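>>> Have a look; sequence and predicted model below, questions after that.
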Amino acid sequence: MGRQHWKKIWVGSAGNMVEWFDWFVYATFAVYFADSFFPKGNETANLMNTMGIFAVGFFMRPVGGWLLGRVGDRKGRKAALTMTVTLMSASAILIAIAPTYEVAGYGGVAVLLVARLLQGLSVGGEYAASATYLTEASAPSKRGFASSFQYVSMTAGQLVGLGLQIILQRNMSEAALHSWGWRIPFVIGALGAAIVFYLRRNMLETEVYEESGAARDEDRGTLKALWAHRREAFLVIALTMGGTVAYYTYTTYLTKFLAKSAGMEKSTASLVSFCALFVFMCLQPLAGALSDRIGRRPLLIGFAVGSTFLTVPIMTMLKHAGSFWPAFGLALLALVVVTGYTSINACVKAELFPTGIRALGVAFPYAIANALFGGTAEYVALWFKEAGVESGFYWYVAGCAAVSLVVYVTMRETRDIDLNRVSAPTPPLPATGAQPQTPVLNRRTG
């Protein structure tokens, strides 16, 4: 790829990393601040309440997906990406200064809730804006490779959060972390977001958007235009279902699972997640490049088959892993399976829609799927644990993957689709009863 392509990927990825650092540190540090906002008592119940607020952020993602997806289609990808990082910076500041239960009663919970609502709005638009930007900014024959950097940057953001957690765990007492140390990552997140705001203000718009004529389309970025592509929108929800549940199970929930269910020290559990996620991050471009050669469907099907049949044994063995190496091996195996989804899901969704509705088409249905499945994954896991049937969650994850497997097997291949294709939906049948012509999709040019 050319220098300009790499510059666009770098700026889009750097911002995405900070966005997801702010999003994930809430989950990774929840074990330390859960008791700060609720009355002392049942530790699991307080963690469930805190993760319930985490889930609320996911339910704002469809709203953010609609608002910022509309901005991305009507004003450009750059405008949407700049707005998302502004919202994320504000939410990080709010969490950093939120008062505890002892100081303001449930007032601190209210501040936490507002912050998570802002984060939900931001991430609801960030995923689609970055997925669209990275896909459009790449050469046609490198879209899988280029868009894989979305999960490289997402995972890098989580790794920075986990790395910071490990550093704080080794240099601060448990009491200090529970008292005030958990605020540190949110201050860092706010500072990082300010830097990214400057970078995104000076980023380049994608050529696909500028040359498509989409900006002159009055229906661009509207729900009316999205309804014309409702089949693709429902397809996004279905193909996201299994992937998002599996992803959040083996990323944000894994550390808590190892600490609460497997009985590991929190520091050991964090180290397992950090090492497994680092390898996972490095695998993303390799899998993305593979999809450019063999297509997207083989990787998606491989993920769904592996997740359907391996989730229950992997989670069962993780619960009894006992030490670092067995836990690391099992976590890495799970994340290798998930790579079949994460490395290419951004470009697959972007490739389903024409330019004038691409940002909203990815954002809105993806955010709905995450609100229903990804955002509730940890809460569902903790609910099963509290009910005394923790293994029920393993079957839940496998079942979601099985549903997505059906979709992957029946969907069309998207690798060779031309991103500059006409945005209008297929016209109705003529009065003569003749079949309408179907546009021929351009083949790869790389």
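Here it is on my side, so go on.
>>> residues touching the most centrally placed residue in the chain, list them.
Compute the mean C-alpha point of the chain, and by CA atoms, centre = their mean the closest residue is residue 127, 6.4 Å away. When contacts are counted by CB atoms under 8 Å, 6 or more residues apart in numbering, residue 127 is found next to 65, 150, 346, 362-363, 366-367. (Glycine included, C-beta is placed from N, CA and C.)
>>> a markdown table please, covering these and showing neighbour count and distance to residue 11.
Putting these into a markdown table (neighbours: other CB atoms under 10 Å; distance: CB to CB, whole Å) gives the following:
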| residue | neighbour count | distance to residue 11 |
| --- | --- | --- |
| 65 | 32 | 22 |
| 150 | 30 | 13 |
| 346 | 29 | 16 |
| 362 | 31 | 19 |
| 363 | 35 | 20 |
| 366 | 28 | 22 |
| 367 | 33 | 23 |
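>>> from the residues you listed, which ones fall inside helices?
Assignment to helices by DSSP state H places the following of the contacts of residue 127 there: 65, 150, 346, 362-363, 366-367.
>>> got those as a markdown table, with pLDDT columns?
Putting the ones in helices among the contacts of residue 127 into a markdown table (pLDDT from 0 to 100) gives the following:
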| residue | pLDDT |
| --- | --- |
| 65 | 92 |
| 150 | 91 |
| 346 | 93 |
| 362 | 94 |
| 363 | 93 |
| 366 | 91 |
| 367 | 88 |
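>>> So what's the gap between stretch 119-127 and the chain middle?
The gap between the average C-alpha position of stretch 119-127 and the chain average comes to 9 Å, counting by CA atoms, centre = their mean, to the nearest Å.
>>> Stretch 127-140 now?
15 Å.
>>> Summarise which helices and strands the lowest-mean-pLDDT helix or strand in the chain is packed against.
Lowest mean confidence among the helices and strands of the chain (mean pLDDT, DSSP states H and E): helix 43-59, at a mean of 75. Judged by 3 or more CB pairs under 8 Å, 6 or more residues apart in numbering; DSSP states H and E, the packing partners of helix 43-59 are helix 3-28, helix 30-33, helix 107-136, helix 377-386.
>>> how about the third one: buried residues?
It refers to helix 107-136. For helix 107-136, the neighbour count (16 or more other CB atoms under 10 Å) marks 108-109, 111-113, 115-136 as buried.
>>> which other helices and strands contact the helix or strand that comes right after that helix?
The helix or strand immediately downstream of helix 107-136 is helix 143-147, counting by DSSP states H and E. Applying 3+ CB pairs under 8 Å, 6+ apart, we find helix 143-147 packed against helix 107-136, helix 266-294, helix 345-351.
>>> Packing partners of the last one?
Helices and strands in packing contact with helix 345-351 are listed as helix 107-136, helix 143-147, helix 230-250, helix 358-369; criterion 3+ CB pairs under 8 Å, 6+ apart.
>>> Of the ones you listed, which is nearest residue 184?
Ranking the helices and strands packed on helix 345-351 by proximity to residue 184 (CB to CB) places helix 107-136 first, at 15.9 Å.
>>> Let me know the angle separating the closest one from helix 43-59.
What separates the directions of helix 107-136 and helix 43-59 is an angle of 50 degrees, with axes from the mean of the first three to the mean of the last three CA atoms, to 10 degrees.
>>> Show me what the mean pLDDT comes to for helix 107-136.
Along helix 107-136, the predicted local confidence has a mean pLDDT of 89.
>>> Now do it: distance to the chain's middle.
Using CA atoms, centre = their mean, the distance from the centre of helix 107-136 to the centre of the chain it belongs to is 10 Å.
>>> Show me where the stretch 151-300 of the chain dips below the pLDDT cut-off.
Under the criterion pLDDT under 70, the flagged ranges of the stretch 151-300 of the chain are 213-217.
>>> now the spatially closest residue to residue 77 that is not a sequence neighbour: how far from residue 54?
Taking CB to CB, 6 or more residues apart in numbering, and ignoring the residues beside it in sequence, residue 77 has residue 133 as its nearest neighbour in space, at 4.4 Å. Here the criterion is CB to CB, to the nearest Å. By it, residue 133 lies 26 Å from residue 54.
>>> And for residue 352?
As judged by CB to CB, residue 352 and residue 54 stand 29 Å apart.
>>> returning to what we had before: export the helices and strands packed on helix 345-351 as TSV, with columns for distance to residue 80.
What follows is these, written out as TSV (distance: least, CB to CB, whole Å):
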stretch	distance to residue 80
helix 107-136	4
helix 143-147	16
helix 230-250	18
helix 358-369	6
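>>> Out of these, the one nearest residue 282 is which?
Nearest of the helices and strands packed on helix 345-351 to residue 282, taken as CB to CB: helix 143-147 at 13.5 Å.
>>> Show me where the stretch 301-446 of the chain dips below the pLDDT cut-off.
For the stretch 301-446 of the chain, applying pLDDT under 70 flags the ranges 421-446.
>>> same thing but at 90, please
By pLDDT under 90, the low-scoring segments of the stretch 301-446 of the chain are 322, 356, 367, 370-372, 374-376, 378-379, 382, 418-446.
>>> contacting residues around the closest residue to residue 62 other than its chain neighbours?
Nearest residue to residue 62, sequence neighbours excluded (CB to CB, 6+ apart): residue 367, at 4.3 Å. Applying CB under 8 Å, 6+ apart to residue 367 gives the contacts 58, 61-66, 124, 127-128.
>>> Now do residue 367 against residue 128, distance only.
8 Å.
>>> shared neighbours of those two, anything?
The overlap between the contact sets of residue 367 and residue 128 (CB under 8 Å, 6+ apart) consists of residue 65.
>>> Just read off the phi/psi values of the residue lying closest to residue 111 once chain neighbours are set aside.
Once its chain neighbours are removed from consideration, residue 111 has its nearest residue in residue 98; the separation is 4.2 Å (CB to CB, 6+ apart). For residue 98, the backbone dihedrals (degrees, to the nearest 10) come out as phi -60, psi 130.
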